[in-house]
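Peer 1: With the sequence up front, the predicted model follows.
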Amino acid sequence: MSAIGQIEKRTQARVVALFQDRLGYDYLGDWIDRDSRNVEQAVLSAWLKQQRVGDTLISRALHELNRVATDTSKHLYDRNRGVYELLRYGVKIQPGAGENHVTVWLIDWKHPENNHFAIAEEVTVKGVDAKSSTKRPDVVIYVNGIAVGVVELKRSTVSVAQGIRQNLDNQKKEFIQPFFSTMQWVMA
């Protein structure tokens with residue numbers, strides 16, 4: 001059978017299988033009926049606990065990540081850059097008054113195998129208000145519960161430009177712009 005023109009769901013299954021079988025990602029499932037966020041706080045908290053980070057530091061690190069990712073006074077580019085800096089250089093937190101700052105790492109860069117890599121498909125993301133449309137990226141890649149990648153798939157008879165356009169449209173305010181504040185990798 002020719003691979004040309006096959007339905008996008010079949011390609012999606014192949015992409016998911018690649019991440020699961022070849023790259024060792026955990027499969028989170030089909031999230032079509034779930035209201036998803038770009039930071040799965042329970043997953044990130046559990047991962048940080050495994051790294052022996054205390055509850056107070058976890059709470060403050062999650063607060064700072066959320067603050068940077070949701071700062072609507074800034075453009076999406078600036079929010080995304082701020083999140084990148086937290087992912088790359090860690091979250092600097094003062095545990096208590098008069099104490100030295102410590103760095104809480106959201107990603108273990110020294111030992112990548114310690115991170116939790118996962119993939120979900122048909123991730124439903126609601127718009128920020130009643131006027132905003134709900135969207136459903138085909139595949140979302142998570143590291144330690146943080147959505148860092150989106151893959152928009154199209155059947156092979158559809159121009160790749162349509163997938164790119166859909167990713168760009170999803171980043172508009174009237175769609176799911178806040179979801180993209182943690183994205184480091186967007187592909188069609």
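Peer 2: Alright, I've got the coordinates.

Peer 1: who's in contact with the residue nearest to the spatial centre of the chain?
Peer 2: With distances taken as Cα atoms, centre = their mean, Ala147 lies nearest the centre of the chain, 0.9 Å away. Contacts for Ala147 were tallied using Cβ atoms under 8 Å, 6 or more residues apart in numbering; they are 37-40, 123, 140-141, 179, 182-183. Any C-beta I mention is one placed from the backbone N, CA and C, and that applies to glycine too.

Peer 1: Could you name the specific helix or strand carrying it?
Peer 2: Per DSSP states H and E: Ala147 is located in strand 146-151.

Peer 1: Which helix or strand lies directly C-terminal to that strand?
Peer 2: Criterion used, DSSP H and E; the element after strand 146-151 is helix 160-170.

Peer 1: Would you mark the buried spots in that following helix?
Peer 2: Within helix 160-170, the residues that count as buried by 16 or more other Cβ atoms under 10 Å are 163, 166-167, 170.

Peer 1: Check what contacts it and list those residues.
Peer 2: Counting by Cβ under 8 Å, 6+ apart, 135, 137, 150, 152-154, 175-177, 179-180, 186-188 sit against helix 160-170.

Peer 1: Roughly how far does Leu23 sit from Pro112?
Peer 2: Distance of Leu23 to Pro112, computed by Cβ to Cβ, to the nearest Å: 12 Å.

Peer 1: got it, and Val53?
Peer 2: Applying Cβ to Cβ, the value for Val53 to Pro112 is 18 Å.

Peer 1: Neighbour count for those two, which is higher?
Peer 2: Using other Cβ atoms under 10 Å as the criterion, Val53 and Pro112 rank with Val53 on top: 17 against 10.

Peer 1: what's the closest of the buried residues of helix 160-170 to Thr72?
Peer 2: Thr72 lies nearest to Asn170 out of these, by Cβ to Cβ, at 16.9 Å.

Peer 1: Quick check: the gap between that closest one and His75.
Peer 2: From Asn170 to His75 the distance is 16 Å (Cβ to Cβ).

Peer 1: returning to what we had before: including distance to Tyr84 and pLDDT, could the buried residues of helix 160-170 go into JSON lines?
Peer 2: Listed next are the buried residues of helix 160-170 as JSON lines, based on distance: Cβ to Cβ, whole Å; pLDDT from 0 to 100:
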{"residue": "Gly163", "distance to Tyr84": "23", "pLDDT": "86"}
{"residue": "Gln166", "distance to Tyr84": "23", "pLDDT": "88"}
{"residue": "Asn167", "distance to Tyr84": "18", "pLDDT": "88"}
{"residue": "Asn170", "distance to Tyr84": "19", "pLDDT": "88"}
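
Peer 1: what would those residues look like in CSV with distance to Ala13?
Peer 2: Below are the buried residues of helix 160-170 laid out as CSV (distance: Cβ to Cβ, whole Å):
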residue, distance to Ala13
Gly163, 17
Gln166, 20
Asn167, 20
Asn170, 22
